[in-house]
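1. Got a sequence here, can you model it:
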Amino acid sequence: MALNKVEICGVNTSKLPLLKNDEKEALFARIKEGDTEARETYIKGNLRLVLSVIKRFSNSNENVDDLFQIGCIGLIKAIDNFDSTLDVKFSTYAVPMIIGEIRRYLRDNNAIRVSRSLRDTAYKAIYAKENLMKKNLKEPTVNEIADEIGISKEDIVFALDAIQSPVSLYEPVYTEGGDALYVMDQISDKKNKEERWIEELSLSEAMKKLGERERYIIQLRFFEGKTQMEVAEEIHISQAQVSRLEKNALHNMRNYLIEK
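-> Numbers count the residues shown, from 1 in each chain. This is a model prediction of the structure:
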């Protein structure tokens, strides 16, 4: 895939506009009022996001123009669904949606074909999940998704599993303020919790060396099995901040236990 092309889908990528924060806010206010011209300007002003995302798929044999077009669809969906009242940057919201759109395209064009009915079920579940997350500001359960679309949870799980492609746990999802969030940070592992390696050690003493907030994060993550997103919502900070504080707390605990 040639990512060094200057012109992609008739767009000169070397001359893409870059919007300032105040311009973005003004445009988005007009978009909410139905201004199609503002929407077009906002799309053009965020095409750099699409370019940055398709670079992650440089090992793909897909045509760069096709990936760019699919990425633009993800960008448009992000613009149409973004809630500007939440304390979240548009890029933080848009990048995962662009990635998801490209991944769906690659799965549909994979040599291993999945039946149309399975794909339809999976996509209904994915869109229902996105809408429920936007509505309730939390990760929906499979039962909630099943109730939303009127399909059994067994069929949903089977369909989602059928369209999955292997993803590294260390693949970055997005970066916020210099802190990268990885796939593994999004997962709540209730079976292999990290306290296995610290249960046999002086855990209580190590935790006393942490600040109150870090100690609370460790409690929620590894004793109550909550995801980083759930912790972030509970203590009212971003998931990137939870990830950084968690890693710092574990690092300090390990150092204390090693020195001891």
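
2. Looking at the record's assignment, how would you partition the protein?
-> 1-109, 113-168, 181-259 (automatic domain parsing).

3. Quick one: the ones you listed as a markdown table, columns for mean pLDDT and mean neighbour count too.
-> (C-beta placed from N, C-alpha, C; glycine too.) Below are these laid out as a markdown table (pLDDT from 0 to 100; neighbours: other Cβ atoms under 10 Å):
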| stretch | mean pLDDT | mean neighbour count |
| --- | --- | --- |
| domain 1-109 | 80 | 16 |
| domain 113-168 | 80 | 15 |
| domain 181-259 | 72 | 16 |
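
4. the helices in the protein, which residues?
-> Assigned helices in the chain, in chain order: 21-32, 36-44, 47-54, 64-81, 90-108, 116-136, 142-149, 153-162, 196-199, 203-208, 212-222, 228-235, 239-259 (criterion: DSSP state H).

5. Just want the angle from the second one to helix 47-54.
-> What separates the directions of helix 36-44 and helix 47-54 is an angle of 40 degrees, with axes from the mean of the first three to the mean of the last three Cα atoms, to 10 degrees.

6. Tell me which other helices or strands helix 36-44 touches.
-> Applying 3 or more Cβ pairs under 8 Å, 6 or more residues apart in numbering; DSSP states H and E, one finds that helix 36-44 contacts helix 21-32, helix 64-81.

7. Now do the first one and helix 36-44, the angle between them.
-> This means helix 21-32. Helix 21-32 and helix 36-44 meet at an angle of 130 degrees, taking the same axes, to 10 degrees as the criterion.

8. Likewise for the last one?
-> Our comparison of helix 64-81 with helix 36-44, counting by the same axes, to 10 degrees, yields an angle of 130 degrees.

9. distance between helix 64-81 and the chain's centre?
-> A distance of 15 Å separates the centroid of the chain from that of helix 64-81, by Cα atoms, centre = their mean, to the nearest Å.

10. and it with helix 90-108, angle?
-> Counting by the same axes, to 10 degrees, helix 64-81 lies at 130 degrees to helix 90-108.

11. Reformat the helices of the chain as CSV; add distance to Lys15.
-> What follows is these, written out as CSV (distance: least, Cβ to Cβ, whole Å):
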stretch, distance to Lys15
helix 21-32, 17
helix 36-44, 10
helix 47-54, 11
helix 64-81, 15
helix 90-108, 20
helix 116-136, 33
helix 142-149, 42
helix 153-162, 40
helix 196-199, 53
helix 203-208, 54
helix 212-222, 44
helix 228-235, 37
helix 239-259, 31
